[in-house]
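Participant: Starting from these lines, generate the structure:
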Amino acid sequence: MSIRDEFIKEIEDKVKGLEDRIGRVNEKIEEFKEDSKERLEYEELKDELEIKLVEIKEKLAEVKGLSDLSFDGSVKVDYNNVINTLVVGFESILERKTIY
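Facilitator: This is a model prediction of the structure:
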């Protein structure tokens, strides 16, 4: 397995975990009545999380578009830094509501 393939697998696993967390937010949304303040807050939270998730998926798509030869250690570090920053942003959004 190439460096690129291993990295793609790692990021796909992160994406799956983040999607699961958004699923938990959806479950929380269903606990509240329509048009309640809490429900609206959680829906806004979900929207913000989905935006971050799309950004992460876009970076993943960029990596998938690179050849194995062009994806060396330094490119991996660059993409890893960007994706980790996006994941931290995702988690910061969650911390505002302390949903884990």
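Participant: what does stretch 60-73 rub up against?
Facilitator: Here stretch 60-73 makes contact (CB atoms under 8 Å, 6 or more residues apart in numbering) with 2-5, 7-8, 11-12, 15, 75, 79, 83. C-beta: built from backbone N, CA, C; applies to glycine.
Participant: go on, stretch 37-50?
Facilitator: Counting by CB under 8 Å, 6+ apart, 18, 21-22, 25-26, 28-29, 32-33, 90, 93-94, 96-97, 99 sit against stretch 37-50.
Participant: got TSV for the contacts of stretch 60-73, with neighbour count and distance to Leu40 too?
Facilitator: Listed next are those as TSV, based on neighbours: other CB atoms under 10 Å; distance: CB to CB, whole Å:
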residue	neighbour count	distance to Leu40
Ser2	11	46
Ile3	13	44
Arg4	20	42
Asp5	13	42
Phe7	21	38
Ile8	17	37
Ile11	20	32
Glu12	13	32
Val15	16	27
Val75	15	41
Tyr79	19	35
Ile83	20	30
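Participant: Which of these fall in strands?
Facilitator: In strands, judged by DSSP state E, none of the contacts of stretch 60-73 are found.
Participant: would CSV of those residues with distance to Ser67 be doable?
Facilitator: Shown next, in CSV, are those (distance: CB to CB, whole Å):
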residue, distance to Ser67
Ser2, 10
Ile3, 12
Arg4, 8
Asp5, 12
Phe7, 13
Ile8, 13
Ile11, 17
Glu12, 19
Val15, 22
Val75, 11
Tyr79, 14
Ile83, 19
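Participant: Could I get those in JSON lines, plus columns for distance to Ile56 and pLDDT?
Facilitator: Listed next are these as JSON lines, based on distance: CB to CB, whole Å; pLDDT from 0 to 100:
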{"residue": "Ser2", "distance to Ile56": "21", "pLDDT": "91"}
{"residue": "Ile3", "distance to Ile56": "19", "pLDDT": "92"}
{"residue": "Arg4", "distance to Ile56": "17", "pLDDT": "94"}
{"residue": "Asp5", "distance to Ile56": "18", "pLDDT": "95"}
{"residue": "Phe7", "distance to Ile56": "13", "pLDDT": "95"}
{"residue": "Ile8", "distance to Ile56": "12", "pLDDT": "96"}
{"residue": "Ile11", "distance to Ile56": "7", "pLDDT": "96"}
{"residue": "Glu12", "distance to Ile56": "10", "pLDDT": "97"}
{"residue": "Val15", "distance to Ile56": "6", "pLDDT": "97"}
{"residue": "Val75", "distance to Ile56": "17", "pLDDT": "94"}
{"residue": "Tyr79", "distance to Ile56": "11", "pLDDT": "95"}
{"residue": "Ile83", "distance to Ile56": "6", "pLDDT": "95"}
